[in-house]
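Engineer: coords please:
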Amino acid sequence: MDLARRIEELSAEIRNYPTPIARCDEQLTALIEERSRLMSLLNKNQCQRSGCTPESIWANEGGHAA
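Structural biologist: Numbers count the residues shown, from 1 in each chain. Below is the predicted model of the structure:
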């Protein structure tokens with residue numbers, strides 16, 4: 001699976017999601033969570049190929065540098 005292509009598909013689906021959106025809308029929440037998961041996976045894959053350290057991966061995932 002091409003992660004970048006799937007992320008783009010999910011982003012387009014989220015952008016074009018019908019409104020109004022109810023707070024309890026589980027389908028939109030699932031789309032956003034799936035996109036977030038794939039973006040994290042893509043980021044990890046890119047860092048591993050480029051030689052990122054575990055600390056930089058942690059920082060990119062929302063950690064705080066000491």
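Engineer: what about the helices in this structure?
Structural biologist: Ranges of helices within the chain are 3-15, 26-50, 54-60, based on DSSP state H.
Engineer: Tabulate these (a markdown table), appending mean neighbour count and mean pLDDT.
Structural biologist: C-beta: built from backbone N, CA, C; applies to glycine. Converted to a markdown table, the helices of the chain look like this (neighbours: other Cβ atoms under 10 Å; pLDDT from 0 to 100):
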| stretch | mean neighbour count | mean pLDDT |
| --- | --- | --- |
| helix 3-15 | 13 | 94 |
| helix 26-50 | 13 | 88 |
| helix 54-60 | 13 | 65 |
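Engineer: Return the distance of R23 relative to T29.
Structural biologist: 10 Å (Cβ to Cβ, to the nearest Å).
Engineer: residues in contact with L28?
Structural biologist: Residues near L28 by Cβ atoms under 8 Å, 6 or more residues apart in numbering: 14, 17, 21.
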